[in-house]
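Novice: Sequence first, predicted coordinates after that:
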Amino acid sequence: MDPGLLTGGLLTGGLLSRWLLSAALNALLIAPLRQLPILTRAGWCHAWILGSLLGACLGWRGWLAVVLYLALGSAVTKLGFKRKQALGIAEGRGGRRGPENVWGSAATGALLALAYPWPGAPKELLLLGFVASFAAKLGDTCGSEIGKRWGRHTVSITRWRPVPPGSDGAVSLEGTLASLGGAVLFAAIATALGLTPLAQLPGLSLVAWGATLLESLVGAELQPRLPWLSNEAVNGLMTLMAAALAMALLG
């Protein structure tokens, strides 16, 4: 279950040395990638902070899981992008994510990762929450982006009345199934990397998927009434719910 250190036996000089090495390696890896239309300039800086944290605290497996999450989420965002632009429901900045998107997706996972190295920390429980948070976010991205482009009948999750694609709390059959697929995919990635056991894959997938449905409820009922409740705040709440449910129900 222990995801190990970033480079095996190289990081044996304490947490500070792991942070320094992780920061340096992440800087080297990000430098040639900054021209890709995935993140804004500021977004790449915050991704470096997140990657450094994950490498130092969780090791290469936790780091790689989130890199794959970012790559998959960005790829899904680009699906049917021109059509979504024409409809006015595409992500802004050409699909590039900024710092607010980075932390809206990863704040919960980052906090759990920070707790992981502490002596006596419940490592397996923290990893369950970590995986569930990112599984929920990838599920949410898949459901939103595929539902906006290919959802044939979009309805409000609370009133079951037709609403335009991209509306707060809007769901479709296609988007809902894509959301489940995204949650299963990330849970499977985490299993393959040894972060969580195979026996937990079904439970993690369902918990993460359930959190995406709860996020739609929040979006439909609370977001229109609370001006401060941004999309990033809703995403952060969803990942927190996914982690808490996984740790409570599966730990």
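Specialist: Noted; the coordinates are in hand. Computed from a predicted structure; not experimentally measured.
Novice: and residue 44, what does it touch?
Specialist: 30, 33-34 (CB atoms under 8 Å, 6 or more residues apart in numbering). For glycine as for every other residue, the C-beta is placed from the backbone atoms N, C-alpha and C.
Novice: name the helices or strands packed onto the helix or strand hosting residue 189?
Specialist: Assigned by DSSP states H and E, residue 189 belongs to helix 173-192. Other helices and strands packing on helix 173-192, by 3 or more CB pairs under 8 Å, 6 or more residues apart in numbering; DSSP states H and E, are helix 60-78, helix 123-150, helix 201-221.
Novice: Next up, phi/psi of residue 162, please.
Specialist: Dihedral pair for residue 162: phi -60, psi 130, per degrees, to the nearest 10.
Novice: neighbours around it, how many?
Specialist: Residues near residue 162, counting by other CB atoms under 10 Å, number 11.
Novice: can you pull the contacts of the residue nearest to residue 238 when sequence neighbours are not counted?
Specialist: Closest residue to residue 238 in three dimensions, ignoring its sequence neighbours and counting by CB to CB, 6 or more residues apart in numbering: residue 215, at 3.8 Å. The neighbourhood of residue 215, defined by CB under 8 Å, 6+ apart, consists of 136, 140, 234-235, 237-238, 241.
Novice: which of those residues lies closest to residue 207?
Specialist: Each of those was checked against residue 207 using CB to CB; the closest is residue 136, at 7.9 Å.
Novice: roughly how far apart are the closest one and residue 16?
Specialist: According to CB to CB, to the nearest Å, residue 136 and residue 16 sit 32 Å apart.
Novice: Residue 141 now?
Specialist: For residue 141, the distance to residue 16 (CB to CB) stands at 34 Å.
Novice: do residue 112 as well
Specialist: 21 Å.
Novice: got it, and residue 49?
Specialist: 16 Å.
Novice: of these two, who's got more company?
Specialist: Legend: neighbour count by other CB under 10 Å for residue 49 and residue 16, higher for residue 49 (16 against 9).
Novice: Can you list the low-confidence ranges for the stretch 1-150 of the chain?
Specialist: Applying pLDDT under 70 to the stretch 1-150 of the chain flags residues 1-13, 81, 84-92, 95.
Novice: ok, the residue lying closest to residue 168 once chain neighbours are set aside - contacts?
Specialist: If the residues on either side of it in the chain are set aside, residue 168 comes closest to residue 219, at 4.1 Å by CB to CB, 6+ apart. Contacts for residue 219 (CB under 8 Å, 6+ apart) come out as 168-169, 234.
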